[in-house]
Each structure stands twice: as C-alpha cells, then as structure tokens.
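**Student:** coordinates only, sequence not included:
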DNA sequence: GTAGGGTTAG
C-alpha cells in the first residue's frame, strides 16, 4: 500500500490561503493548479460539495447555541455530499496523492454539518462530524509529524464544538482541548477562533450540572481568548456561549453570573442587544431553582416586551416563545400556578401584535407541570384534564399546541397520584386516547406509569399487568424495559393469584434472556428485579419454588461478583425473602427439612457477610422458619435460643420478631427465652408488647419496621 | 425551551 506521506510533504498549493469562507468553492476549484495530481481530485470534491449547496444542512441544524433547541436530525441521505468527499479523500490517501488541502476540504465540509448525525456507510454506526473528524486529523497529524496548519486544526475544533452535547458521554470538549494542547506543544499558532471553539465546546459539554466544572473551563478559554484582543462580534459570541454554559449549571452562582454576563452584553450592544440575547439570559435564569430567579427571568421577559414595543415592533426585538416558555417552566417549578398562568395570558396578549407568539405544546406542558406539583391533587387533575381537552380540541386549527408524549405522561402521573378509586382504569384509558386524539404511540415510560400504579395497589391484578406488558410488546415501535418487567413481577409478588409465582418467574427469565441475547443494559435485571421475583415465588411456596428462590439469590451474588455492577450489589432484602419463602414452605416432613437447610444456609450467609447485616426481618423470618419447618425438640430449641440471643444483642427485637418467636413455641421454652414467666397461649402472650422488655432489645429496630 | 417510569417486608 502506498504511503501518502511523500505527497503530503509536497503540498504544492499554499492551501491555507485558498480555503476561505467568503470565497465560493467554485472559485477555489478554478484557482487550483490543474497540473497537480491532487487538484483534479480537489476540483471534484469541491464540485460535489458545491452542486449540493442548495441542500446545505445548515437549515436542519446550526451550531449556534440558540438553535440547539432543535434536536439533531438523523440524515437519510448524503445531503451535502460530505460523505462522498470523505470517501474521495480516503481514496486519495490510498493512492498517495492527498495533501493537507484535501483534508481541509473534507474537514470543512464535516464541520459545516454542525450537529447532524448520520449512519456511516462502512458499519452503519450513527456518527456525527466530531466522530469522523477525529481519525482524519490524527492521520494528517501523524503523516506530517505535527506540522499542521492552524486553519486545519480550527476546522476540526469547529466540528467538536458543534457536536458537543449536554447529553451522553461523548466528551468532545475534552477531545477538543487535547487538540489545542497538542497545537501548543507543537508550536502551531493559537488564534482567537481556536479558543472560541474551545469556549463553545465546553459551554455545551455535559456533566456541568453540579460542579460547574465545564463552565469554569469555558470561562478560562474565554479569558485566554480576550488576551488575543478578538473583534467585538467574537467577544459578544463568547458571552453568548458563557451564558449558555451557566444556563446548564446548577451552581449557586449561576444566576448571578448570568446577570453579570447579560449586563456586559448590554454594555457592548446597548438596547440593540436583540431578542435572542434576552432569550438566552432569560433561559439561563429560568433554569435555576428558586422563586427569586423566576422573578428575575420574569422581569427580563417584561423588559424584552417593552423594548419590542418601544422599537415599534422591530424584527430584531421580537420576543421569542422559547423565552416565554422558559419563564412559565420556572414558575411551575416553584409551584406558582398563578404566575405561570399570568405569563400564559401575557403570551396570548402578545400574540395579537406578534403572530409567531402563540402558546404551543411546550407552553401548556409547562403550565401542566405547575398543576401536577400542586398539593390539591384532585382539583389540579380536573384542571389538567380541561387544559388537555382544550389542546386536543384546538390542535387542528393550531398544530403547535397538539399534545405530545410529555403532555400525556403528565396526565398519566396526575391520574395515578390522584387517589381516586378509578385512577388506574382512567390512566389506562389515557393510553388509548393519546393514540386516538393525537396519534401518539405510548412508550414504555407511559406504560410503566400505569403498570407501576397497578403494582402499588393492595391486591394488584397480576393478569392485567401481564396483559399490559404483552400489549406493549406487540407495538413494534417500542420494547418494554427492565422497569416494565420488574413492575409486573412486583404485581405478581403482591397478588393472591395462584399463578402469580409462575408468571413472575417466567417474566424474570424472559428479561434475562433478552438481556443476554441483546446485551441491552435497559433490560438487564437488577437487584430489585431479583428481589421481587424471589418475593413472587413465596406466593406459592412449593419445595421447588424454595429451591428456585435460592438459585436466584445465588445467581444474583455470582453475577454481582463477576460484573461488580452497582445495580446488582446485594442487600439484605433478597436474602430475607429467601428465608421467608422457605419459612412458608408447604410439603412433607422431608421437604420442610430441605427448605430449612436452604434457609439456614442463607441465614448464616447474612450473619457472616462483610457487606450485609441481619435486620429485624431476618430474625422474624428465621423464627418463623424454626417454628414452621422443624419438629418440636432440641434442634428447634437450639435454633431459636441461639438466634434470639443474637437478636437481643443486636437490638433487633421488633414486635413482629417477638410474635414470630413465640408463635408455636411451648410456654416452658418461651419462659426461658424471655427470662420471665410466660404463657404462649394466644390469649395471654398478646398482652405483652416490646415495652415489657428492656429497651436495648429493640434499640436498632427501624421505626417503619417496629 | 418542558417532565421524565420502580426501591420492597413480616
């Protein structure tokens, strides 16, 4: 295979001067030296890009922060020809004619894609510009021993900045920073554009929320950029990005910093600061918690509207809906329904002079959120139903207010927490209505709200939950996840249905098989899934189910040991439930003894473990085991006596433990255990409560498990 | 720009 290095060193065109944003790509092509083997390719590459310029993806997603509100689309075709150009570059590299200019053409094209995503032809992985830029820059860097131009690096940085995202774990800001560090080490000029891209990348990076680490990095590179005396537009843009960074940070200084930056922007531009900057400042404030920030965002909104009116309704001062929606959300978060609605009326008013201001689905979702947080749940449910009826009724005429998945999720939650008798049935109706009224297919989240509501009932209908799950599976657009499965199994664990144990186990195994087949973490059984399955098995405590419960526990422990996955880290719960399952075992004398052995093994594991400790439930279930599974006699006496000593010493004698200890215990044994004369005839022992015994016995019993 | 699915018991 040919090495491209030789040709890269030639670099016949001083390419840095040839790629200029202002120049049309066609001009560039004609300027190229046609004698050069690379220039024929360059001309073709530029022609590909140029011929599709009308279909530029810039309309789909720009790298401007304010336009990030649009989720990045997944391209279905090579809309601007960049993928073609990249494969042309790969071909040039292969035949050894690629120059730095070749790389620049591809990098620039990629960076112009902004944050769009597409499927890579070679492996159909979903990628974005930043993913594709990385290997290209590395290749060029290695081939040229780091003698790469600033311009080339800046194209790559632009792609990292545009693709940087608060979601996921892509860490493009770190990657961009690594490029700049290498530039510094190699002596490549750092321009204000270089630093502006870094500010941009950090401003959009995730995990900014708590520590504010990313906003610090953004501020740092902004300060560095200022040392290079950039032009006013770059400074202003830098402020915009800092505002963006603060808006995603929950640090206590965020509101203050946002205000400071906004006033600097006003200093720069005066009243011409523009509606977009108002929106940014409002959103930054609106994202912070606390009424005072909602109030500040609200007053900025009023200022913005004032300036719109003062300017005679000028285009650049026209308020944006996004700012109004932000303020509504801020008031909703502090349960200020009155204020949320006030802003809603304001928006309706504004709509008279400003036709693009019309309450949309986000506006209403914000108001709905205020209601769902309100204390009077029944009253707010009625109000929410009215609002959603209104949205549905008007969505033909005003498609922007058509309810979406958020809307119905909020409604489902409202029904579920309404405490009304028919809550679950009504929630189920919503699942159907959302499809009919708004054409929105319920997702696993919607179903999970309802299934979980079923699981929280006193005597849940396991079959109904099971059917809902199957219904969700029948929709090919969505698959149930582990929360769906676990919630249905939880229904089984609380159900009196004779098949509940069987269904619970079937579902657990199904989820586990799905996980093993797909490796999809979303369907991976976790500690809670194991625990409720074991609990479901004790609704039908056959000797076989006791054994299966124990097997599940062992599988949990082994899987945790193997993966060290936090979501599988065992607690006392599943151990206790295995003991309880054994304690309930119905069967022959021998079968009961086998169940007892399983319980004893489990009980001893809890006591000797370094991670988990016995609790009052452990002892209560253990006493139940001794009394239910062992014949009266020495072994039972020993098991009870020894355990009760432990139980007292640990201060874990709950009233239930006491009851289980004495249920079925002969008076003589009870007397010796408790140290006071004791008659276990039911009529007598019920007169005793924990208060009749030393308080130390129950000093560690949690309140909720007295 | 919104909100956001389960953590248990006798």
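**Tutor:** Yep, it's here. On a predicted model such as this, the values are computed, not experimentally measured, just so you know. Numbers count the residues shown, from 1 in each chain, chains lettered A, B, ... in the order given.
**Student:** the closest residue to DNA strand B within the stretch 351-500 of chain A is in what secondary structure piece?
**Tutor:** At 2.9 Å from DNA strand B, residue A:365 is the closest residue in the stretch 351-500 of chain A, using Cβ to the nearest atom of the strand. (Glycine included, C-beta is placed from N, CA and C.) If you go by DSSP states H and E, residue A:365 is part of helix A:361-372.
**Student:** pLDDT on that helix, on average?
**Tutor:** Averaging pLDDT along helix A:361-372 gives 94.
**Student:** output the contacting helices and strands for it.
**Tutor:** With contacts defined as 3 or more Cβ pairs under 8 Å, 6 or more residues apart in numbering; DSSP states H and E, the packing partners of helix A:361-372 are helix A:321-333, helix A:337-350, helix A:377-394, helix A:405-416.
**Student:** quick one: name whatever helix or strand follows the last one.
**Tutor:** This means helix A:405-416. Next in sequence after helix A:405-416, counting helices and strands by DSSP H and E, comes helix A:423-438.
**Student:** does anything pack onto that next one? Which helices or strands?
**Tutor:** If you count contacts as 3+ Cβ pairs under 8 Å, 6+ apart, helix A:423-438 packs onto helix A:405-416, helix A:444-455.
**Student:** show me where chain A has strands.
**Tutor:** Taking DSSP state E as the test, the strands found in chain A are A:117-119, A:126-128.
**Student:** any residues touching the first one, and which ones?
**Tutor:** Going back to what we said before, that points to strand A:117-119. Under the criterion Cβ atoms under 8 Å, 6 or more residues apart in numbering, residues A:72, A:73, A:74, A:75, A:78, A:83, A:125, A:126, A:127, A:128 lie in contact with strand A:117-119.
**Student:** and the residue in the stretch 551-700 of chain A that DNA strand B sits nearest to, what's its pLDDT?
**Tutor:** Residue nearest to DNA strand B within the stretch 551-700 of chain A (Cβ to the nearest atom of the strand): residue A:620, separated by 2.7 Å. Per-residue confidence at residue A:620 stands at 96 (pLDDT).
**Student:** what's the answer for residue A:215, then?
**Tutor:** Turning to residue A:215, the model gives it a pLDDT of 86.
**Student:** just checking, it touches residue A:253?
**Tutor:** No. Using Cβ atoms under 8 Å, residue A:215 makes no contact with residue A:253, being 9.3 Å away.
**Student:** of those two, who's got more company?
**Tutor:** Using other Cβ atoms under 10 Å as the criterion, residue A:215 and residue A:253 rank with residue A:215 on top: 24 against 13.
**Student:** residue A:246 versus the more buried one, what's the distance?
**Tutor:** Distance, residue A:215 to residue A:246, by Cβ to Cβ, to the nearest Å: 6 Å.
**Student:** who touches both of those two?
**Tutor:** A:254, A:257.
**Student:** which helix or strand in chain A has the lowest average pLDDT?
**Tutor:** Within chain A, no helix or strand scores below helix A:5-10, which has a mean of 33 by mean pLDDT, DSSP states H and E.
**Student:** show me which residues of the stretch 201-350 of chain A sit near DNA strand B.
**Tutor:** A:283, A:287, A:321, A:322, A:325, A:326, A:329, A:332, A:333 (Cβ under 7 Å from any atom of the strand).
**Student:** what sits against the fifth one?
**Tutor:** Think residue A:325. A:360, A:362, A:363, A:366.
**Student:** mind doing that once more with 10 Å?
**Tutor:** A:69, A:282-283, A:286, A:343-344, A:347, A:359-367 (Cβ atoms under 10 Å, 6 or more residues apart in numbering).
**Student:** and those, which are buried?
**Tutor:** By neighbour count, with 16 or more other Cβ atoms under 10 Å, the contacts of residue A:325 hold A:282-283, A:286, A:343-344, A:347, A:359-367 as buried.
**Student:** just the closest of those residues to residue A:204, please.
**Tutor:** residue A:283 (14.0 Å; Cβ to Cβ).
**Student:** follow-up on the earlier one: who touches both of residue A:215 and residue A:253?
**Tutor:** Counting by Cβ under 10 Å, 6+ apart, the contacts common to residue A:215 and residue A:253 are residue A:246.
**Student:** before we move on, back to that, tell me which of the helices and strands packed on helix A:361-372 sits nearest to residue A:523.
**Tutor:** Across the helices and strands packed on helix A:361-372, closest to residue A:523 is helix A:405-416 (Cβ to Cβ), at 20.8 Å.
**Student:** could you give the angle of the closest one to helix A:423-438?
**Tutor:** Angle between the axes of helix A:405-416 and helix A:423-438 is 160 degrees (criterion: axes from the mean of the first three to the mean of the last three Cα atoms, to 10 degrees).
**Student:** which secondary structure elements does helix A:405-416 sit against?
**Tutor:** With contacts taken as 3 or more Cβ pairs under 10 Å, 6 or more residues apart in numbering; DSSP states H and E, helix A:405-416 sits against helix A:361-372, helix A:377-394, helix A:423-438, helix A:444-455.
**Student:** that helix close to DNA strand B?
**Tutor:** Yes. Under the criterion of Cβ under 7 Å from any atom of the strand, DNA strand B is reached by helix A:405-416 at A:405, A:406, A:409, A:410, A:413.
**Student:** OK, contacts around residue A:558?
**Tutor:** Contacts of residue A:558 by Cβ under 10 Å, 6+ apart are residue A:568.
**Student:** in chain A, where is pLDDT below threshold?
**Tutor:** Applying pLDDT under 70 to chain A flags the ranges A:1-35, A:53-73, A:166-169, A:206-211, A:250, A:476-477, A:679-688, A:704-706.
**Student:** where do the domain boundaries of it fall?
**Tutor:** Here the domain assignment for chain A is A:1-163, A:556-705, based on automatic domain parsing.
**Student:** find the nearest non-adjacent residue to residue A:394, please.
**Tutor:** residue A:401 (5.9 Å; Cβ to Cβ, 6 or more residues apart in numbering).
**Student:** any idea how far residue A:438 is from that neighbour?
**Tutor:** Taken as Cβ to Cβ, the span from residue A:401 to residue A:438 is 11 Å.
**Student:** overlap in contacts, those two.
**Tutor:** Counting by Cβ under 10 Å, 6+ apart, the shared contacts of residue A:401 and residue A:438 are A:361, A:391, A:392, A:395, A:407.
**Student:** distance of the last one from residue A:423?
**Tutor:** Right, the one you point to is residue A:407. Residue A:407 sits 18 Å away from residue A:423, taking Cβ to Cβ as the criterion.
**Student:** and stretch A:246-258, which residues are buried?
**Tutor:** Of the residues in stretch A:246-258, those buried (16+ other Cβ under 10 Å) are A:246, A:247, A:248, A:249, A:251, A:254, A:255, A:257, A:258.
**Student:** how far does it sit from its chain's centre?
**Tutor:** 21 Å (Cα atoms, centre = their mean, to the nearest Å).
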